[in-house]
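Trainee: fold the following.
(2 chains)
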Amino acid sequence: MSEERVGVYVCHCGTNIAKTVDVQDVATWAAGQPHVTVARDYKFMCSSLGQEMVEQDIQEQGLTRVVVAACSPHMHEKTFQGACERAGLNRFMFEMANIRELNSWTTKDRESATQKAKSMVRGAVERVVHHRPLDMLPVPINPNTLIVGGGIAGITAALDIANAGYHVYLVEREPSIGGHMAQVDKTFPTLDCAACILTPRMVDVGQHPNITLLSYSELEQVDGHVGNFTVRVRKKARFVNEALCTGCGDCIEKCPGKTLDEVFEVGLGYRKAVYKPFPQAVPKYPVIDTESCIFFQRGKCKACELVCPTHAIDFTQKDEYLQLQVGNIILATGYDLFDARTIPQYGYGRLANVFTSMEFERMVNAAGPTDGQIVLRDGVTPPKSVGIIHCVGSRDKHYHEYCSRVCCMYSLKFAHLIHERLPDTEVYNFYIDIRASGKRYEEFYHRVLEEGTHFIRGRVAEVTDAARMPGEEGKLIIQAEDTLIGKQRRIPVDMVILSTGVQSRHDSHEVAQLFGMGCDFNGYFIERHPKLDPVLTMSDGVFIAGACQGPMAIPETVAQAGSAASQVISLISQGTLMMEPIRARINPDKCSGCRICNNLCPYHAITFHADRKVSEVITAMCQGCGACVSACPSSAITGAHFTAQQVMSQIEGILWDVRETIPLMAR
Amino acid sequence: MTSEPYTPVIVGFLCNWCSYRAADLAGTARLTYAPTMRPIRVMCTARVEPQFVIKALREGADGVLIAGCHPGECHYVEGNIKALRRYTLLKQMLRQFGIEEERVQIVWAAASESKVLADAVDQMTLTLQALGPLRWRQTVLNGHGAEQAVRESADVRRAALAAQEVEGER
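Mentor: So this is what the prediction gives:
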């Protein structure tokens, strides 16, 4: 009946499919379907033996089309397209029926799952016989790379790529790179000074000839596709001319405008209106904050302008817009800290001596607002007892269900630092489980145990200043169930530290939208595959690194950043990338020149030839959405690999069983 | 009317970037939902021609579910808005055909919203169970278009016979 010879391969996927779908039945049945020359079932089609089976059948049985019924095409379409190609068949003469994610994993009913699998296979067979061979489109890769976010992830990736000899634009929203790591005092479990290991890298970034550092800048718009993105960046006005500024800091010294530093010092310290977030900031140029600048608020002052030896202060500076051409983009946008005010019973913001972990981090930092002294909110009294509450906002159905992965370890670090600085102070850690699974983490936990920290296993119910018993007056009382002895306990302490968890950036959804990719339930960017492709995203040429993908500590972040960098370098060194030729094409003989499609195209990829009165698709710009294809009243536009004939045939195929049960006569 | 439970058939047009991935995720997360939706992947909901929907209903589907990215989150900028416009017009036509508008639905399911997609299929299955089978030839062709009905049913019969030959029974 048909000259096409289709091979159908039904995968067991171990038991993932075979448990719910009768794969042998599907294969036997498929062998009797129109166009089908051979149908087999196999334990793991994606294995090399499975692929070789396809290749062998193509060559020995003369198959002209292949259907594999297995997992999602997003998982293994390329695998089997490769097999087809190796056997001399065009990669587009292949179709995948997703009977795992879309079928066997979503039902327990074997009968209906088998029926659904059959209809999906039949749909794929009917579709594949109308497939046409297509050639991949080569796309040149622009060797420049954009990295968004200048934390340790962005810094690492930028240096890796720059050292490989390619140019990097590093965009950072804050006045300096460094990210959260720059705020931290010591890093667990080695107790390295964070600044000591981070700032040399920051300096490297600032001085690297292959890195253009765009600090105090934000991404406005992203167009294009892998190999050729056009990015618009807004460089916020610093009011300091970077070409003239030497970073001497005279302006900062003389500035009379003082304000609470809510960002870097998390409200514990002050900064001037013209400021650098911290002394080792990169770049070294300060910025003027118009909110607290006396000149911007009241119209006179200009003290900074007077003292600047190089006349670098420029009150007339405006935001600048830059247009960058890049081939790849790495998102390293990091994380936000959980807002401790969200849990009112822990008293943050209400009880003076309840601190967040970041406040403590700044306090214990020698360069911080208290010069490294651990003191109560009054600024002078050292605490005699400290309670550290783990899992604030994490592992809690009401806030974030996930584990933030860093809090246990930094809480242990806090306990250690308190013992080191205030040897007579008692430290209580309230925990659910101690999660110390990294390299040398468990050993650190034991070290803290031996130092005499008290560990109380149980979630804290509340922190209160209402004394009920003698000895509680003037203290903060932590009420918790000690689940190891099965009793409620009230521990009076002078200071409480809330180990707040990690959450996705407040604007992660907007950023994801900018790049046409997705965020998960928690607002973290979705990786292409959670295990095998953790730094790739669904958008080609867009990579993710660090805590924007999920909570992680510095070592993993650095590893991911290196991985993302190597992905980018590998793409650049290939020079060109082969893109799927799923594009629209207009048949000039059929086109009536109505121009309906012209305005529908979101990429302005359709031009109108006024002389011939026909429209034409510019293939390089077309992204293959198919909006024009379905709108064309003359059916003059073909959407390659998604033609009307292919989709219509698939519809007929997937409805093969219900088509027969339709009453044949209307009456 | 028989009282045995009727299992509707839904054709689902899933956009490659959001809803197909939501469906993938529903599987990965082992969300259980009605096995009534037969999926067809399209690059964008904007590719779903009204003819595809009509074709699916004519070929025996009881309902059609179009699933795409949320407005404003389309991979192709605004393809889903175009799909929504077509869908709105299509519904008017369905009414004239005598087809209940609940039979064609559009849902926005982002790549992470596996539950939204699974729930949409479950909900639509319940709705269609309440409506009963579509029976295109009775609903749409009854009273007029009879000649066409005969011609078409002849086509269908031929197709059915061909299929029977292949299958040997049924």
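Trainee: can you pull the contacts of the residue nearest the centre of chain B?
Mentor: Of all residues in chain B, the one closest to the mean position by C-alpha atoms, centre = their mean is B:Val64, 1.7 Å from it. Contacts of B:Val64 were listed using C-beta atoms under 8 Å, 6 or more residues apart in numbering or on different chains, and they are B:10-13, B:53, B:56-57, B:103-105. C-beta here means a position set from N, CA and C on the backbone, and glycine is covered the same way.
Trainee: at 10 Å instead, please
Mentor: Taking C-beta atoms under 10 Å, 6 or more residues apart in numbering or on different chains, we find B:Val64 in contact with A:651, B:10-13, B:37, B:40, B:48, B:52-57, B:87, B:90, B:94, B:103-106, B:124.
Trainee: count of residues packed around residue 5?
Mentor: With no chain named, the answer covers chain A. The burial count assigned to A:Arg5 is 18, neighbours taken as other C-beta atoms under 10 Å in any protein chain shown.
Trainee: hm, I was asking about chain B
Mentor: Neighbours around B:Pro5, by other C-beta under 10 Å: 6.
Trainee: is it true that it touches B:Leu128?
Mentor: No - checked against C-beta atoms under 10 Å, the pair B:Pro5 and B:Leu128 is beyond contact range at 11.9 Å.
Trainee: sorry, back to before: in strands, which of the contacts of B:Val64 fall?
Mentor: B:10-13, B:37, B:40, B:104-106 (DSSP state E).
Trainee: how about those residues in CSV, adding neighbour count, distance to A:Arg435 and pLDDT?
Mentor: Shown next, in CSV, are the ones in strands among the contacts of B:Val64 (neighbours: other C-beta atoms under 10 Å in any protein chain shown; distance: C-beta to C-beta, whole Å; pLDDT from 0 to 100):
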residue, neighbour count, distance to A:Arg435, pLDDT
B:Ile10, 23, 44, 97
B:Val11, 28, 46, 97
B:Gly12, 28, 41, 97
B:Phe13, 27, 44, 97
B:Met37, 30, 40, 97
B:Ile40, 23, 44, 97
B:Val104, 24, 49, 96
B:Gln105, 20, 44, 97
B:Ile106, 21, 44, 97
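Trainee: for A:Gly474, see how far away the residue nearest to B:Ala29 when sequence neighbours are not counted is.
Mentor: Distances taken as C-beta to C-beta, 6 or more residues apart in numbering or on different chains put B:Ser114 closest to B:Ala29, at 5.6 Å, once the chain neighbours are dropped. Separation of B:Ser114 from A:Gly474 (C-beta to C-beta, to the nearest Å): 52 Å.
Trainee: cool, and A:Thr342?
Mentor: Using C-beta to C-beta, we find A:Thr342 at a distance of 27 Å from A:Gly474.
Trainee: of those two, who's got more company?
Mentor: Neighbours per residue (other C-beta under 10 Å) separate A:Thr342 from A:Gly474, with A:Thr342 holding more: 13 against 9.
Trainee: okay, that one: pLDDT?
Mentor: Per-residue pLDDT puts A:Thr342 at 95.
Trainee: ok, B:Glu152 next?
Mentor: pLDDT for B:Glu152: 57.
Trainee: doesn't B:Ala67 fall inside a strand?
Mentor: Yes - the assignment for B:Ala67 is a strand, going by DSSP: H, G, I helix; E, B strand; the rest coil.
Trainee: and it, what is it in contact with?
Mentor: Applying C-beta under 10 Å, 6+ apart to B:Ala67 gives the contacts B:12-15, B:18-20, B:22-23, B:37, B:39, B:42, B:45, B:48, B:80, B:83, B:105-109, B:113, B:116-117, B:120-121.
Trainee: show me where chain B has strands.
Mentor: Ranges of strands within chain B are B:10-15, B:37-42, B:63-68, B:104-108, based on DSSP E.
Trainee: measure the spatially closest residue to A:Ala561 that is not a sequence neighbour to A:Leu102 for me?
Mentor: In space, and not counting its chain neighbours, A:Ala561 is closest to A:Thr156: 3.8 Å by C-beta to C-beta, 6+ apart. Distance, A:Thr156 to A:Leu102, using C-beta to C-beta: 38 Å.
Trainee: next, the buried residues of the top helix by length along chain A.
Mentor: If you go by DSSP state H, chain A has its longest helix at helix A:554-574. By neighbour count on 16 or more other C-beta atoms under 10 Å in any protein chain shown, the buried set for helix A:554-574 is A:554, A:556-569, A:571-572.
Trainee: against which helices or strands is it packed?
Mentor: Contacts defined by 3 or more C-beta pairs under 10 Å, 6 or more residues apart in numbering or on different chains; DSSP states H and E place helix A:554-574 against strand A:145-148, helix A:152-163, helix A:194-207, strand A:328-331, strand A:542-544.
Trainee: sweet, I'm off.
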